Every structure is written in structure tokens, then in C-alpha cells.
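This is a predicted model, with the sequence first.
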Amino acid sequence: MLPQHNLRSLVTAVNSEAQLNRRGLLKLMLRMPEMREHLKELSATNESVALLCGAFEDASAILEKLQMNPAEANHSAISEYRLICSEIESEVRSICLHIYSRRKGKHS
């Protein structure tokens, strides 16, 4: 059994990760409105999608911070984080399309 303070830390970390994944999910749902229902379902049932949502939140938050002060902008880092966000979005879209096309095939 874990000591009480370790258990509290573990619960806090899990809650933080869940919140991070949720924020990323909401951002992806805004960026891909045609897939909102799929994203919502898959983020709750597919660990890979949930983790990608969290990664999208991390990357997009860093990108937003980098873009806050255009006078001091690190254009290389901005380009890199735009690419990361785009790649995560593409991966999530690909997973959604793959899973739902397989489901459609089973119901045809």
C-alpha cells in the first residue's frame, strides 16, 4: 500500500493528465468539427487518442506562448511547434478515420 502522501501525489498527477487530455480534446474538436463525436468517443475509449490529445494541448500551449510577443518571436521554434501540432492533428484524424471506416465495414 502506498503512503498517504504518495497516493495524493498519484491522484493529483492522474487528474492533471486527465485535464490536459481534456483541454487538448476540446482544442482538437474545435479544429476538426466534422469529427467531434468520433473524437469525444475515442478519447474516452482509446488510450492513444487520449494521449495525443494531451500532447496536442502541450504543443499548442507552447505555440501560443511563443506567438505572444511577435517582437521577440523565435520563428524557428514557432515553425517547429506548428509542425508538431499539425502532425498530431493528422495522426488523430488518421486514427479516427481508420477506426470508423473499419466499423462501417463491419456494419455493411
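Looks like it came in fine.

Please make it C-alpha for all contacts and neighbour counts, starting now.
Noted.

Please list the outside residues in contact with whichever strand or helix holds Glu57.
Per DSSP states H and E: Glu57 is located in helix 47-67. Applying CA atoms under 8 Å, 6 or more residues apart in numbering, the external contacts of helix 47-67 come out as 17, 20-25, 27-28, 42-44, 73-74, 77-78, 81-82, 84-85, 88-89, 92, 95.

And stretch 68-81, by the same measure?
Stretch 68-81 is contacted by residues Ala59, Ser60, Ile62, Leu63, Leu66, Gln67 when judged by CA under 8 Å, 6+ apart.

neighbours around the third one, how many?
I take that to be Ile62. When counting by other CA atoms under 10 Å, one arrives at 15 neighbours for Ile62.

Point to the residue nearest the middle of the protein.
Nearest to the geometric centre of the chain sits Cys53, at 1.3 Å (CA atoms, centre = their mean).

And it, how close does it get to Glu87?
Distance, Cys53 to Glu87, by CA to CA, to the nearest Å: 12 Å.

how far away is the closest residue to Arg82 other than its chain neighbours from Arg31?
Spatial nearest neighbour of Arg82, excluding adjacent residues (CA to CA, 6 or more residues apart in numbering): Leu63 at 6.9 Å. According to CA to CA, Leu63 stands 15 Å off from Arg31.

Fine, thanks again, bye for now.
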